[in-house]
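>>> mind looking at a prediction? Sequence and model below.
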Amino acid sequence: MTFGSFKSTGRINSTFNKIRELGLESNMHELNSYGFTIVPPEKVAGREFLERIRDTVLRLCEERTGHKFEVDKNGEIGSYTAQPISKDQFLLFYLLMADRVFEEWILNPALYTLIDYLMQGQQQLSSLTSFVKWRGERESLGLHSDSPPDRDGHLPACSDVCNATYVLTDYTLDDGCIAMVPGSHHYCRQPKPGEGEDRAVPVEAEAGSLIAWHGNTWHGAFPKKTDGLRLNVTSYHCHRRLKTQEAYQWRVTKEMLDRNPVEFARLVAADDHMGWDERGPDYGRGVKIAKRAKQKAA
């Protein structure tokens with residue numbers, strides 16, 4: 001018997017085999033058991049890529065705030081107006097459209113494979129952001145689940161959404177790392193105010209690591225007690241039947257689609273003909289992408 005080749009499991013076979021190829025078996029088990037996992041830098045990307053994407057985030061910080069940003073110094077809001085903003089943190093939105101390095105990132109094998117496993121091949125990119133954080137106080141950890149609730153307020157047991165953070169600076173407790181409540185993805189509900197904070201653990205990881213978690217997992221963040229920046233790139237995904245946070249479908253250019261594999265087109269829903277205007281359904285684009293995928297698989 002050979003696992004990863006059953007006729008009844010379809011495309012799950014390719015995901016299963018990719019997990020084995022990348023040495024992510026333990027990460028798969030951690031996602032199932034605890035709702036989150038940490039992939040070490042050597043299984044994510046090389047140092048050159050880490051520095052390139054971090055430098056790009058710092059450049060975007062300067063472009064959007066009007067202030068120079070350095071890893072070892074605290075940030076400033078400056079002229080930046082995107083919400084939400086606090087005195088010690090802001091988010092950079094719509095990174096996919098800001099630089100080609102982010103196109104490379106969403107196709108990173110470790111990231112793509114774990115998301116593909118959680119979403120059973122039905123994932124699309126919902127948003128690509130960066131949390132820029134420096135020294136500050138917090139009244140609570142802000143624990144929450146990323147999953148949208150059903151009509152009755154409960155969360156589905158399956159991962160309708162999932163999230164992942166590429167750690168661009170070292171994550172430690174004093175540096176304000178992310179907080180997770182292990183096993184909370186099994187609760188299938190949002191936490192009540194203050195609930196779970198006594199069970200939350202700091203997810204400490206060195207720069208270059210990837211932290212991935214099930215959409216139901218309760219998480220938040222500890223306050224940053226040290227000077228300097230805590231940087232990341234957060235890749236939030238949702239099921240193809242759900243609405244994305246950021247609009248990509250009709251904003252990605254032909255050049256972006258042509259220079260990337262078909263997986264990129266699926267992530268940005270360029271193969272989805274839904275969401276038309278007065279001209280009606282645009283089947284041409286979706287059919288073309290589907291044909292490319294079929295040719296690649298042949």
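Good, I have the coordinates. Residues are numbered from 1 along each chain as shown.
>>> residue 237 against residue 120, yeah?
No - using CB atoms under 8 Å, residue 237 and residue 120 do not qualify as a contacting pair, with a distance of 11.8 Å. Just so you know, the C-beta spots here come from the backbone N, C-alpha and C atoms, and that holds for glycine as well.
>>> more neighbours, these two?
Neighbours were counted for residue 237 and for residue 120 using other CB atoms under 10 Å; residue 237 has more, 30 against 14.
>>> check contacts around that one.
If a contact means CB atoms under 8 Å, 6 or more residues apart in numbering, then residue 237 has 115, 119, 123, 124, 125, 126, 161, 162, 163, 164, 267 as its contacts.
>>> kindly recompute the last result at 6 Å.
Residue 237 is in contact with 115, 123, 125, 126, 162, counting by CB atoms under 6 Å, 6 or more residues apart in numbering.
>>> so of these, which ones are in strands?
When DSSP state E defines the strands, the subset of these inside them is 123, 125, 126, 162.
>>> so how many other residues sit close to residue 245?
When neighbours are counted by other CB under 10 Å, residue 245 registers 15.
>>> give me the buried positions along the lengthiest helix in the chain.
In the chain, taking DSSP state H as the definition, the longest helix is helix 47-65. Within helix 47-65, the residues scored as buried using 16 or more other CB atoms under 10 Å are 49, 50, 53, 54, 56, 57, 58, 60, 61, 64, 65.
>>> now, the most widely separated pair of those?
Pairwise distances across these (CB to CB) peak at 24.7 Å, for the pair 49 and 65.
>>> continuing past the longest helix of the chain, what's the next helix or strand?
For helix 47-65, the succeeding helix or strand toward the C-terminus, using DSSP states H and E, is strand 85-86.
>>> pLDDT averaged over the very next helix or strand once past that following strand - what is it?
Per DSSP H and E, strand 85-86 leads on to strand 89-92 as the next helix or strand towards the C-terminus. For strand 89-92, mean pLDDT rounds to 94.
>>> hmm, who's touching strand 89-92?
Counting by CB under 6 Å, 6+ apart, strand 89-92 makes contact with 60, 80, 129, 130, 131, 132, 133, all of which sit outside it.
>>> any idea of the mean pLDDT in whichever strand or helix holds the third one?
By that I understand residue 129. For residue 129, the enclosing helix or strand under DSSP H and E is strand 123-133. The predicted model gives strand 123-133 an average pLDDT of 96.
>>> angle of that strand against helix 47-65?
Using axes from the mean of the first three to the mean of the last three CA atoms, to 10 degrees, the interaxial angle of strand 123-133 with respect to helix 47-65 works out to 70 degrees.
>>> now do strand 123-133: which elements does it pack against?
For strand 123-133, the helices and strands in contact under the criterion 3 or more CB pairs under 6 Å, 6 or more residues apart in numbering; DSSP states H and E are strand 89-92, strand 232-239.
>>> what's the angle between that strand and strand 232-239?
Using the same axes, to 10 degrees, strand 123-133 lies at 150 degrees relative to strand 232-239.
>>> what are the contacting residues of strand 123-133?
The set of residues external to strand 123-133 that reach it, using CB under 6 Å, 6+ apart, is 57, 61, 75, 89-93, 95-96, 102, 106, 115, 176, 224, 230, 232-238, 240, 244-246, 267-269.
>>> may I have that strand as CSV, with CA atoms only?
Output in CSV follows, covering the C-alpha atoms of strand 123-133 (Å, rounded to 0.1, in the frame of the first residue of the first chain):
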residue,chain,number,x,y,z
GLN,A,123,-8.0,28.6,-1.1
GLN,A,124,-7.8,32.0,-2.5
LEU,A,125,-5.8,34.9,-1.2
SER,A,126,-8.0,37.2,0.9
SER,A,127,-5.4,39.8,2.0
LEU,A,128,-1.7,40.3,2.1
THR,A,129,-0.7,42.8,4.8
SER,A,130,2.2,43.7,7.2
PHE,A,131,1.7,44.5,10.9
VAL,A,132,4.3,47.1,11.8
LYS,A,133,4.6,47.2,15.6
